[in-house]
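J.: Pasting a predicted model and its sequence here:
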Amino acid sequence: MSSTLPAEIDVAIIGGGIIGISTALTLARKGVRVAVFEKGTIAGEQSSRNWGWIRTVGRDPRELPLSAIANDMWVDIQARIDVGYRRTGLAYLAETDAEMARHQAWLDSVKGTGTQGNLLGHNELAHLIPPSNRPWIGALYSAGDGVAEPALATAAIARLATEAGATVFEQCAVRGLETSAGRTSAVITERGLVKCASVVLASGAWSRLFCGNNAVDFPQLKVHASVLRTEPLETGLEMAINGSDFTCRKRSDGGYAGDDLCVRMHEIELRLNP
């Protein structure tokens, strides 16, 4: 990471999470002079703790074109540097006919988009997940969706961005903006001023605070959640799943991550082989 601030750049990015770093990579590859300013460390907050799902299935139909592009981008990134990306398949499990009907309604809404989702019946699903005490009758499934490793991804993409010409500054918060003739002309960091023509705000949960400090009202809802991690263990479950009241995925180290509704392993229905 860089230590000497540039006098002037084209684009300043506030926030070193997955959004800010990915934006820096894209701009740098286009020859744009871009710098990322992160108040802490790269991916020090949500970007290293999210689910890591790379999915098209279950999304709002308006998101699908972008989701399909993202899937291809992850394949390209993994070919260049290890971000833990793999196409494991992803399923939204169903226990009731009503849930299956909602899954079918989603499939009907995305016809003609090229989305590779389909419904699995009980017997098909049984080949993909371990035995469970819960009466799963089927699932909405996509074999082409998968996961990446949040603990690896953002830092790895930051290395690609710097190789492409971006500069990244950690422990360098942006405190405010300087304007000229009604346009942003510089960012004021805790290390000094950097002139720029444009600013991308990618500070996640801190965005409303930053905007408010600059007289901009930006309504934002913050949601606190916790995640359970296990040590590596053998369960027979490879794909990422959601069961309406829990979510679970296998990490590349062989352990699992489950959401805060899964306090105990039996609640996420993973059975150890005897």
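T.: Structure's in. What do you need?

J.: hmm, who's touching the helix or strand hosting residue 156?
T.: Using DSSP states H and E, residue 156 maps to helix 150-163. Outside of helix 150-163, the residues within contact range by C-beta atoms under 8 Å, 6 or more residues apart in numbering are 1, 16-18, 21-22, 24-25, 28, 36, 42-43, 47-52, 77, 80-85, 168, 252. Any C-beta I mention is one placed from the backbone N, CA and C, and that applies to glycine too.

J.: For it, C-alpha coordinates in CSV please.
T.: Provided in CSV are the C-alpha atoms of helix 150-163 (Å, rounded to 0.1, in the frame of the first residue of the first chain):
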residue,chain,number,x,y,z
PRO,A,150,-14.5,-12.6,1.8
ALA,A,151,-11.4,-12.9,3.9
LEU,A,152,-9.3,-13.2,0.7
ALA,A,153,-11.2,-11.5,-2.0
THR,A,154,-11.0,-7.7,-1.3
ALA,A,155,-7.3,-7.8,-0.4
ALA,A,156,-6.5,-9.9,-3.5
ILE,A,157,-8.4,-7.6,-5.8
ALA,A,158,-6.6,-4.6,-4.2
ARG,A,159,-3.3,-6.2,-5.4
LEU,A,160,-4.7,-6.5,-8.9
ALA,A,161,-5.8,-2.8,-8.7
THR,A,162,-2.4,-1.6,-7.6
GLU,A,163,-0.7,-3.7,-10.4
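
J.: Can you report how many residues lie near residue 238?
T.: Residue 238 has 12 neighbours, counted by other C-beta atoms under 10 Å.

J.: Next, the buried residues of the helix holding residue 156.
T.: 150-162 (16 or more other C-beta atoms under 10 Å).

J.: That concludes my questions; thank you for your assistance.
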